[in-house]
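Asker: This is the structure alone, sequence omitted:
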């Protein structure tokens, strides 16, 4: 009770400053700041529009070592439903979850079959899924460019500029 | 190297049995078995179709104490984008993530404003978000009935009957 009262008094005292700095922080939180909190998230859920109008999601291996800058890359096979879905409607969603933070991305996906960009975004973690690396037959890279990025962290939420 | 060779030999020896039991297991895994692995997941990402054709997602508080049976309940406010989205297109996605398991649900959402079903699905965890509980003005309950449930667990994946 003492702690709570103490905290309430302190908040009242600093309220004008607090309000400004809170607004400033919300307005100016950068993608780079958010990316720091997203580090080491190795799984993203990729959501696509299916031909029947449903929203289908599946986990994709995310290179948690690379700082998120609004564009991310995933690998799959030609026969995957995600490839079919994206070829019909490139609007996708990505969600990232880590202890205490959730990030939802709205974005546009592009299917890439060229080996040069694949090589650039390959991560050794992928070797267990793709026996011959980027030379695995029917491998496809999905590039997702974010159009909106929302985050939730405890009772705070906001949107960052991309 | 020894370990790897040993494992390869053992797998060859048991391959016919392994294949059968793997198929049996895949075919017969029940929603109830999956629900055991989903226990204590307190956050689900709810994905909706937006009016502009995007896929928007946001974290929803999930009652991790209740065993998942294909229907789940979330609380929000009338003014939420999710309510607007669902009223225009009830097809939604849910994704659940826990250590080592991911579950993606395709489903249909219903907006509920009656207090009786809200009371039934209320969890005390929600009190911090809704000051007056189910009597909080403009509270809405979203019921999601699964049409498909997919799961991924390490290198295994499958679909369960709902």
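Answerer: Right, received. Where do you want to start? Note that this is a predicted model, so its numbers are computed, not measured. Numbering: from 1, shown residues only, chains lettered A, B, ... in the order given.
Asker: The top strand by length along chain A pairs with which strands?
Answerer: Ranked by residue count and defined by DSSP state E, the top strand of chain A is strand A:139-153. Strand pairing for strand A:139-153, determined by DSSP bridges: strand A:71-77 (antiparallel), strand A:101-112 (antiparallel), strand A:156-160 (antiparallel).
Asker: Name the residues of it that come out as buried.
Answerer: By neighbour count with 16 or more other C-beta atoms under 10 Å in any protein chain shown, strand A:139-153 contains the buried residues A:139-144, A:146, A:148-152. All C-beta atoms are positioned from the backbone trio N, CA, C, and that covers glycine.
Asker: Nearest to residue A:127, out of the strands paired with strand A:139-153?
Answerer: Among the strands paired with strand A:139-153, strand A:71-77 comes nearest to residue A:127, with 10.8 Å by C-beta to C-beta.
Asker: Show residues contacting the closest one.
Answerer: A:44, A:46, A:60-63, A:82-83, A:94, A:118, A:121-122, A:126, A:129-130, A:138-146 (C-beta atoms under 8 Å, 6 or more residues apart in numbering or on different chains).
Asker: Shouldn't residue A:94 be within a strand?
Answerer: Yes: assessed by DSSP: H, G, I helix; E, B strand; the rest coil, residue A:94 belongs to a strand.
Asker: Output the set of residues of chain A in proximity to chain B.
Answerer: Proximity of chain A to chain B, by C-beta under 8 Å from any C-beta of the partner chain, involves residues A:43, A:45, A:47-50, A:53-59, A:89, A:91-93, A:95, A:97, A:102, A:104, A:106, A:128, A:147-148, A:150, A:152, A:155.
Asker: tell me which helix or strand of chain A sits lowest on mean pLDDT?
Answerer: When the helices and strands of chain A are scored by mean pLDDT, DSSP states H and E, helix A:2-28 comes last with a mean of 39.
Asker: Toward the C-terminus, what is the element adjacent to it?
Answerer: Sequence order places helix A:31-38 as the next helix or strand after helix A:2-28, per DSSP states H and E.
Asker: Can you spell out which helices and strands pack onto the following helix or strand past that next one?
Answerer: With elements assigned by DSSP H and E, the helix or strand that comes after helix A:31-38 is strand A:43-49. Contacts defined by 3 or more C-beta pairs under 8 Å, 6 or more residues apart in numbering or on different chains; DSSP states H and E place strand A:43-49 against strand A:55-61, strand A:71-77, helix A:81-88, strand A:91-98, strand B:43-49, strand B:55-61, strand B:91-98, strand B:101-112.
Asker: Distance from strand A:43-49 to the middle of the chain?
Answerer: Mean C-alpha position of strand A:43-49 versus that of the full chain (C-alpha atoms, centre = their mean, to the nearest Å) differs by 9 Å.
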